[in-house]
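Engineer: Got a predicted model here, sequence first, then my questions.
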Amino acid sequence: MPTSNSRFPKWAWWLTTLVVLALLGIGGYLLWQRPAATEPAGKRGGDPAGRVMPVVAVAAKTASVNVYLNGLGTVTPLKTVTVRSRVDGQLMRVAFREGQVVKEGELLAEIDPRSFQAQLTQYEGQMARDQALLANARIDLERYRVLLAQDSIARQLVDTQEALVRQYEGVVKLDQGLVDNAKLQLVYARVTAPIAGRLGLRQVDAGNIVRASDANGLVVITQLQPITVVFTIPEDSLPPVLKKLQAGEKLPVDAYDRSDKVKLATGTLLTADNQIDPATGAVKLKTQFSTDDYALFPSQFANVHMLVDVKRDATVVPTAAVQRGTAGTFVYVVKADSTVTVRVVKLGPAQGEVVAADSGVTSGEMVVVDGADKLREGAKVELASRDPAAARKGGDTPRKKGGGNRKKGGEKASE
């Protein structure tokens with residue numbers, strides 16, 4: 001107690017004491033309300049208040065887990081052809097629609113064939129003339145041979161006639177080549193699809209003069225059935241893939257959309273590239289897909305999941321049950337006395353919403369999947385159902401009853 005001769009008045013000492021006590025009280029309350037750690041280091045004891053924590057837990061199961069290699073890929077067509085005219089002339093008719101799916105050999109366009117037809121007629125007439133000359137030379141040769149046998153003419157005349165026959169035979173062959181070439185030009189005047197596929201946008205309209213040297217061509221055809229996806233995997237993942245390829249196995253591959261949620265197509269692995277990219281340390285793989293709905297489009301981005309192995313009889317737990325802390329990955333296992341214990345687990349391959357636990361958990365043990373954020377070693381828990389239907393079936397009536405009790409109790413308290 002301060003005396004009357006103190007430097008400060010009596011009320012100042014009491015105010016200082018009250019402030020110090022208030023600060024100590026606030027600090028103690030904050031320390032008591034500090035949330036418990038959710039990592040294995042929290043084995044310091046149960047919940048300070050001894051409360052029962054509601055959690056959702058499921059049993060670990062034994063199942064087969066597919067081992068996938070995932071990669072980012074691009075849809076690449078097997079064939080892409082720019083259709084060009086092989087002769088020069090006026091484009092008379094375009095026989096296709098943009099975006100049309102065509103078969104190999106289907107007519108796409110027609111070029112004015114009249115000049116090629118006239119040239120063909122000219123070469124055919126020239127060949128007919130030379131064939132007549134050849135026939136006459138052969139008749140003369142036979143006559144000279146008879147006269148030579150009668151010793152009526154010199155041998156030189158027969159030799160000269162034989163050379164003339166061979167000359168006309170060469171001329172007729174030359175004419176035949178010109179005729180065949182003119183016929184080929186007529187065939188080229190009808191532009192047909194070199195491969196089956198989907199047509200792109202038209203590059204030239206009817207009425208224009210087209211030439212074989214045009215860079216853009218008439219249209220581009222892209223083969224869509226089948227189609228491939230080229231994707232990359234790390235070089236460390238390549239050995240098991242090559243081993244299965246060399247054994248002749250067909251590795252199944254699934255292609256998903258950009259969000260990696262919608263499956264677009266299912267195919268098989270074709271081959272691997274012959275070298276690893278030294279800049280990225282990745283290797284390219286090519287897969288082939290056959291889709292009737294054309295779900296894969298050239299240059300489309302795709303997430304590729306390739307099944308390389310199946311791990312059988314593995315203990316699996318939901319991925320939501322896996323926690324991470326300073327000791328690594330762990331789960332909370334619910335024991336028979338409704339308390340939880342921390343189990344450090346070694347994770348294996350994951351598939352969907354489950355992951356294989358190579359160690360730490362056995363099949364049948366209950367692991368916490370919801371409500372683990374405030375748990376500690378030895379904490380008391382109460383299992384709740386995750387099924388909304390079960391929750392409504394078993395929880396609606398108690399909540400209504402409890403709400404009524406609270407309201408009734410509040411009325412009594414107010415009274």
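Structural biologist: Yes, it's here. Residues are numbered from 1 along each chain as shown.

Engineer: could you give the mean pLDDT of stretch 195-208?
Structural biologist: Computed over stretch 195-208, the mean pLDDT rounds to 94.

Engineer: now do stretch 10-24
Structural biologist: 75.

Engineer: same question, stretch 62-73
Structural biologist: What stretch 62-73 shows for mean pLDDT is 90.

Engineer: Buried residues, it. List them.
Structural biologist: Val65, Val67, Tyr68, Leu69, Gly71, Gly73 (16 or more other C-beta atoms under 10 Å). Every C-beta, even on glycine, is put in place using the N, C-alpha and C of the backbone.

Engineer: Distance of Gly200 relative to Leu264?
Structural biologist: Using C-beta to C-beta, to the nearest Å, Gly200 is found at 21 Å from Leu264.

Engineer: Ok, Arg376 next?
Structural biologist: For Arg376, the distance to Leu264 - C-beta to C-beta - is 46 Å.

Engineer: Which residue ranges of this structure form helices?
Structural biologist: In the chain, the helices defined using DSSP state H lie at 10-33, 114-149, 155-188, 238-246, 388-414.

Engineer: nearest to Val230, of these?
Structural biologist: Counting by C-beta to C-beta, Val230 lies closest to helix 238-246 out of those; the figure is 14.4 Å.

Engineer: Which phi and psi values does Asn216 adopt?
Structural biologist: Phi and psi for Asn216, reported as degrees, to the nearest 10, are phi -80, psi -30.

Engineer: what does the model give it for pLDDT?
Structural biologist: 90.

Engineer: Please pull out the lowest mean pLDDT helix or strand from this structure.
Structural biologist: Sorting the helices and strands of the chain by mean pLDDT, DSSP states H and E puts helix 388-414 at the bottom, at a mean of 40.

Engineer: neighbours of Leu24, just the number please.
Structural biologist: 10 (other C-beta atoms under 10 Å).

Engineer: Quick one: residues contacting it.
Structural biologist: Under the criterion of C-beta atoms under 8 Å, 6 or more residues apart in numbering, Leu24 has no neighbours.

Engineer: Surely Val334 is in contact with Ala57?
Structural biologist: Yes - contact criterion C-beta atoms under 8 Å: Val334 and Ala57 qualify, at 5.0 Å.

Engineer: Neighbour count for those two, which is higher?
Structural biologist: Ala57 (23 against 20).

Engineer: ok, and the closest non-adjacent residue to the more buried one?
Structural biologist: The shortest distance from Ala57 to any non-neighbouring residue, by C-beta to C-beta, 6 or more residues apart in numbering, is to Met366 (4.3 Å).

Engineer: my guess is the one you found meets Val334, correct?
Structural biologist: Yes - the pair Met366 / Val334 is scored as a contact, 4.1 Å apart, by C-beta under 8 Å.

Engineer: What is the burial count for the residue lying closest to Val340 once chain neighbours are set aside?
Structural biologist: Of all residues not flanking Val340 in the chain, Tyr332 sits nearest, at 4.4 Å (C-beta to C-beta, 6+ apart). Neighbour count of Tyr332, defined by other C-beta under 10 Å: 25.
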